[in-house]
Every structure is written in C-alpha cells, then in structure tokens.
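> prediction below, plus the sequence it came from.
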Amino acid sequence: MRTMEFEEEPVEADETPVEPEESGASGTFEGTGPAQPGDRRLRRRWIAAGTALVVVAGGLALGGEIEDRHAADRLVAAPGGLSPWGAEPPHELWSLDAPGGRLVSGGAAGLVLLDRGTVSRVDLGTGDLEWSREVGTDLVCGTDVGWQAAVDQDDPLVCLSGGDDREVTVLDGHGHLLGELPLDDFLSTGADVAPGPAGSVVLAERVGARSADLPGASVSVRPTDGSLEDVVVPAGRGVQVSVVDASTGAVRWEHEVDFVVPSRATGDCVARFSDEEGVESHTVDVESLTVRYTGGVVQVSGCGVRSLFSADGVQLQAPGDASIGVVPVASGGFVSIAGDVETTNALDDDGTVRWESPGRHLYPGSTDGSALAVSLLASDGRLVAVDPRDGRQLWTADIPAEQVLVQAGEQVVVTSYLYRRALDPITGQTLWETEADYGDRFSVGAFTDGTRLIEVTVRGDQSTDGTRLTAHDLRTGEEAWVVDDLSELGWFVAIDGALLQVGEGTVSRWG
C-alpha cells in the first residue's frame, strides 16, 4: 500500500481580528497552548483535505463497484460465461418437462419454449413459465440454443408460423407484441425463410430464367451398394437473398447469388430415395434452397449456390473453396473455419481479408467477456499466437493443442489428449499443467465463472453418454470438484449466466 505524505505550507498570520469565543468555549485542545491567529484556517484546511480524501475513497469504491458490475455483465453475456454459485459442486436446481416441445434461444426473451403453437419464456431462476403467447402452428423461432452466444441479448424474438400462409410475429422480452407481418407478398413458390438478426426475417428465392447456354455437370453418386452412378446436374438459377424488417416490412438489404455448376460436390443437388424394398434411386433438384441465420452469419445453400453474409449484408468469402465457413470473433470481424484447411483468414467487417496465417483457428469454448489479446492457431503440432488485429506472430509453443477451453484476460487454457495447460496469453509462458486423463472420454464443452474452468466430458460417440462435469481452479489448475452420473437426456449450454442441460422438450438448471 502506498503512503501519501502531505507537506504543510507555512501559514501566514491572519490580520483579521479574532472574535472572543462564546462562553464555555476554551479555544484550546487538551495538552496544547492557547489558540493562535491562523489556527482556524489551518483546521479548515485539514478538514477540507480529510473531506477530499473521503470523497476520493468513496469515488474509488463506487468506481470499483461499477467496474465489478460491468465485468459481471460481460461474463454472463460471453460464450460459456456463468454466474458464480460458490465453491460447492453444482446440483440440479429445477427441471421442466414439456414432451413434444422445443427449446430455443430468443435474444431478449432468453430461453423460450415452443409447444403446439404457444411461445413461452422460461424463468431461469425458478424454471416456471414467466409468460405465454399463442402465435400459430408450425413454429420456428429464435436460434438453436447451441448458438446462444452469438445472439444479441437485446434482439426481439422473431417467430415464423403457418404452413402455406406463413406469418412472422415479433415479441419483446416480456411477450408484448411488437409487430406482425404476412409473408405471402414476399415469398414465391419454393422460397425459404428463417428468423434473422435484430428483429428481421431472412428470405431466399430463385430468380431469373434457366440458362440453356450453360452445360450441365456429370457427377458421380455412390448408392448404398457401393457402386458409382453418373448423374447430370443441369444449369440452374441464381438466388436473391433479402433481410426484411419483421415489424415494418422494409427491406434492409438484398443481394443476388449466381448459380455455379457444381464440379464435384452434389449433396445439395441430388435427393436420394429408397422404395419399399430398399432399392435406392436419385432425383436431381436444381431448385433446392435453404437459408438460415446462425452463429452471427446468414447462410445460403442449395444446388449451385453457397454464400455467407454478415448481419449487415456484407458478403463474406474467405479465399479458397466457397464451402469454407466464417464465424464472428470478439476482436471484431470474422475468421475462417474449415475442417481440413490449415490456413486461417481474418476478415474485416467489410469482408476484406485483414490477414492470413498458417494454422487452424482455435475458437475458445468459453471466455470471461474481456478483450482477447491473442488469436490462437494450431499449426503442425505447435500452438501459434497472433495479434488479432494484423496477424503478426507473437509467440509459438511446442504444444499440440486441440481445443481452447477458456480464454480469459490473464490466461488461456488449452487441451490436448494428454495434457491441460494454462498459458499467459501475452508471453506464452506455461502457468500450470495437469494431466488431461480423458481415458475413453471426449471433451464436448467448457464454461467459466471467472475463477474456474468447468469442463464437460462424455463417453462414447454420443454427446450425452456418461456425462461428467469437472471443475479446475483457473489460478492453479487444481481439481475443485467432479459431478458424475449425470442425466444423459441433454447437452449443457450457458444462457444469461445459467448452466442449463437441454434436451428434447426438457431443460434443467444446475448451480
């Protein structure tokens, strides 16, 4: 603690006559001499200085409380961020069963249950249904809970309902109606629609006439018997993609995506059918089309078309094959992701390539909401840290990292099959190391409450087989607790700081 020293200034004699003290006032303190001219001024200065120190200390305390609140808000809004519940292992706080229902993430509405035409918000504190609203049949709302971190918590809930006569309904976090919009005027036959970003819907439809000038493509398809058959995919039509305000019907942006004759990949062009005897046949569908908004990106796919757009309508294309995906990152912009591609491209918000670096981007499973100082790449059995702004290499380590479990302000925890390590993100120095000891288990998720790493592992090839939660102290790596023999009915996610186990029509909170 730093000690502050005050230097007394010489006090000049006060020429103002000193009035006599009232009766009963001695004008002296015990053990001191009589009051001298100027003593009152000195006392006033010390009182003022003391008051200033109290004000400064109070301001620092208030500033600290505000920063703590901001840090807590960042934590619960971050991917995998959890509200702390103490040092004890978690237990089930409540559970909700709704057979036939489906649970989605609804932005400002939080966790939402869709059940037979009714939309209900689940109170994360109690598990009760906070409000319910009849919307319509064949409901599609919000986004999958697995992508809840990419959903803006202030976004209204957008729901699509109806079969042939589709309609969009927009609700705020309290279930109040913000707007309704019939989609018949926007959709053509074969068009696809999905809830979009910030209270919008995303529309995709084939446009233009089929071109007889373009040759078709002869491709090979492998039926169930293992043989190869040649299938001709004719030239098709392009696609118009639009994002429409779900309350007003105003078009926010639109783009056209050209048809490209497939050269080899035909999964979006060939439909497979099997008759009653199991004999497989194929049908070419050049009009197949799907659009969705997930992970902060609008994705359009279908026969001969594949494109990605930001929520603002910027087309996102990393160099290389069009199948390479992109995801938004906390440092701003996007990074490319692809299964076998060992090169990472970072894109600015306007879609231009910011930097390119060898290695596969390791997306953190959880963060504490603080700014990430580095981007981590796995490259030829080494861990490479680059500056997220310009791709400049900061450090490398001989660590065959497979996942980033937690990336926080002062450390990043990576794992391989054998070890779990915490590293200083600035220098790459190892802070602690423990054996992973996965055995026959696989790591399928990670969360943090700012002080602990909570890892989810399963046994076998199913995401819920033998689910186990294990906590490690982020400072030391020491194992804090283990919770075994969990229900195998769902996967774990974090929504608004709550640790939830979500299955088909069922959800429970742990803490």
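Structure received. Bear in mind the structure is a predicted one, so any value in this text is a computation, not a measurement.
> any weak-confidence spans in the stretch 251-400 of the chain?
263-267, 273, 278-281, 320-323, 338-341 (pLDDT under 70).
> spell out the residue ranges of the strands in it.
Here the stretch 251-400 of the chain has its strands, by DSSP state E, counting those that start in this stretch, at 251-257, 270-274, 280-284, 289-294, 297-302, 305-310, 325-328, 334-337, 343-347, 353-358, 360-361, 375-379, 382-386, 393-397.
> what is the last one packed up against?
Packing contacts for strand 393-397, counted by 3 or more Cβ pairs under 8 Å, 6 or more residues apart in numbering; DSSP states H and E, involve strand 382-386. (Each C-beta comes from the backbone N, C-alpha and C, glycine too.)
> just checking: what are the partner strands of the strand it packs on?
Strand 382-386 pairs in its sheet with strand 375-379 (antiparallel), strand 393-397 (antiparallel), by DSSP bridges.
> distance between the last one and the chain's centre?
Here the centre of mass of C-alpha atoms in strand 393-397, compared against the chain's by Cα atoms, centre = their mean, to the nearest Å, lies 26 Å away.
> also stretch 288-298?
For stretch 288-298, the distance to the chain centre is 16 Å (Cα atoms, centre = their mean).
> what does it contact?
143-144, 147, 150, 190-197, 202-206, 239, 241, 243, 268-269, 271, 299-303, 305, 308-311, 316, 325-328, 334 (Cβ atoms under 8 Å, 6 or more residues apart in numbering).
> can you put the strands of the stretch 251-400 of the chain in a markdown table and add mean neighbour count?
Rendered in a markdown table, the data for these read as follows (neighbours: other Cβ atoms under 10 Å):
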| stretch | mean neighbour count |
| --- | --- |
| strand 251-257 | 15 |
| strand 270-274 | 13 |
| strand 280-284 | 14 |
| strand 289-294 | 20 |
| strand 297-302 | 23 |
| strand 305-310 | 22 |
| strand 325-328 | 19 |
| strand 334-337 | 22 |
| strand 343-347 | 23 |
| strand 353-358 | 16 |
| strand 360-361 | 21 |
| strand 375-379 | 23 |
| strand 382-386 | 22 |
| strand 393-397 | 15 |
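> Thr457 is nearest to which of those strands?
Of all the strands of the stretch 251-400 of the chain, it is strand 375-379 that lies closest to Thr457, at 20.1 Å by Cβ to Cβ.
> relative to strand 343-347, how tilted is the closest one?
If you take axes from the mean of the first three to the mean of the last three Cα atoms, to 10 degrees, strand 375-379 sits at 160 degrees to strand 343-347.
> neighbouring contacts of strand 375-379?
Outside strand 375-379, the residues within contact range by Cβ under 8 Å, 6+ apart are 329, 331, 335, 342, 344, 346, 357-362, 364, 383-388, 400-402, 404, 407, 412, 414.
> make it 6 Å
By Cβ atoms under 6 Å, 6 or more residues apart in numbering, the surrounding residues in contact with strand 375-379 are 344, 358-362, 384-386, 388, 401, 404.
> also stretch 129-142?
104-106, 112, 114, 117-121, 123, 157, 159-163, 169, 175.
> buried residues in that stretch?
130, 133, 135-136, 139-142 (16 or more other Cβ atoms under 10 Å).
> redo the strands paired with strand 382-386 as TSV? Include distance to Asp275.
What follows is the strands paired with strand 382-386, written out as TSV (distance: least, Cβ to Cβ, whole Å):
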stretch	distance to Asp275
strand 375-379	46
strand 393-397	56
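> which of the ones you listed sits closest to Phe492?
The nearest among the strands paired with strand 382-386, by Cβ to Cβ, is strand 375-379 at 23.1 Å.
> export that closest one as CSV, just CAs?
Extracted in CSV, the C-alpha atoms of strand 375-379 (Å, rounded to 0.1, in the frame of the first residue of the first chain):
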residue,chain,number,x,y,z
SER,A,375,-5.8,-15.4,-31.6
LEU,A,376,-4.6,-19.0,-31.2
LEU,A,377,-3.9,-21.3,-34.1
ALA,A,378,-2.9,-24.9,-34.3
SER,A,379,-0.2,-25.4,-36.8
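> which helix or which strand is home to Tyr438?
Using DSSP states H and E, Tyr438 sits within no helix or strand.
> so what's the residue count around it?
Tyr438 has 16 neighbours, counted by other Cβ atoms under 10 Å.
> repeat that for Gly236.
Here the number of neighbours of Gly236 (other Cβ under 10 Å) works out to 27.
> tell me if it really is in a helix.
No: Gly236: not assigned to a helix; according to DSSP: H, G, I helix; E, B strand; the rest coil it is coil.
> okay, the contacts of strand 375-379 in JSON lines with distance to Leu418 next?
Listed next are the contacts of strand 375-379 as JSON lines, based on distance: Cβ to Cβ, whole Å:
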{"residue": "Thr344", "distance to Leu418": "25"}
{"residue": "Pro358", "distance to Leu418": "24"}
{"residue": "Gly359", "distance to Leu418": "20"}
{"residue": "Arg360", "distance to Leu418": "19"}
{"residue": "His361", "distance to Leu418": "22"}
{"residue": "Leu362", "distance to Leu418": "17"}
{"residue": "Val384", "distance to Leu418": "20"}
{"residue": "Ala385", "distance to Leu418": "21"}
{"residue": "Val386", "distance to Leu418": "25"}
{"residue": "Pro388", "distance to Leu418": "28"}
{"residue": "Ala401", "distance to Leu418": "11"}
{"residue": "Val404", "distance to Leu418": "16"}
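> tell me the one of these nearest Ser508?
Closest approach between the contacts of strand 375-379 and Ser508, by Cβ to Cβ: Val404, at 27.3 Å.
> how near is that closest one to Arg475?
18 Å (Cβ to Cβ, to the nearest Å).
> just want to know which of the two has more residues nearby.
Neighbour comparison, Val404 and Arg475: the larger count goes to Val404, with 23 against 13 (by other Cβ under 10 Å).
> any idea what that one is bridged to?
Pro364, Val414.
> got the contact list for it?
With Cβ under 6 Å, 6+ apart, Val404 has these contacts: 362, 364, 376, 414.
> how about 8 Å then?
362-365, 376, 412-414.
> swap in Val243?
Contacts for Val243 (Cβ under 8 Å, 6+ apart) come out as 196-197, 200-203, 251-254, 298, 313.
> compute the first-to-last residue distance for stretch 332-344.
In stretch 332-344, first residue to last residue: 15 Å (Cα to Cα, to the nearest Å).
> an error on my part: the question was meant for stretch 172-183.
20 Å.
> do I have it right that Pro328 meets Phe334?
Yes: the criterion here is Cβ atoms under 8 Å, and Pro328 meets it with Phe334 at 5.4 Å.
> any shared contact partners between those two?
297, 310.
> still on that earlier bit, of all the buried residues of stretch 129-142, which comes closest to Ser508?
Glu130 (16.8 Å).
> Val482: neighbour count?
10.
> please state the offset of stretch 327-344 from the chain centre?
14 Å.
> then stretch 384-401?
22 Å.
> residues contacting that stretch, please?
329, 331-332, 346, 354-359, 362, 372, 374-378, 381-383, 414-416, 419, 421, 423, 425-428, 430.
> stretch 189-202 now?
140-143, 152, 155-156, 158-160, 166, 168, 170, 178, 181, 183, 186-187, 203-206, 241-247, 252, 287, 289-293, 296, 298, 311.
> now the terminal residues of it, how far apart.
End-to-end distance for stretch 189-202: 16 Å, by Cα to Cα.
> buried residues, the helix or strand hosting Val244. List them.
Using DSSP H and E, Val244 sits within strand 238-245. Across strand 238-245, burial judged by 16+ other Cβ under 10 Å covers 239-245.
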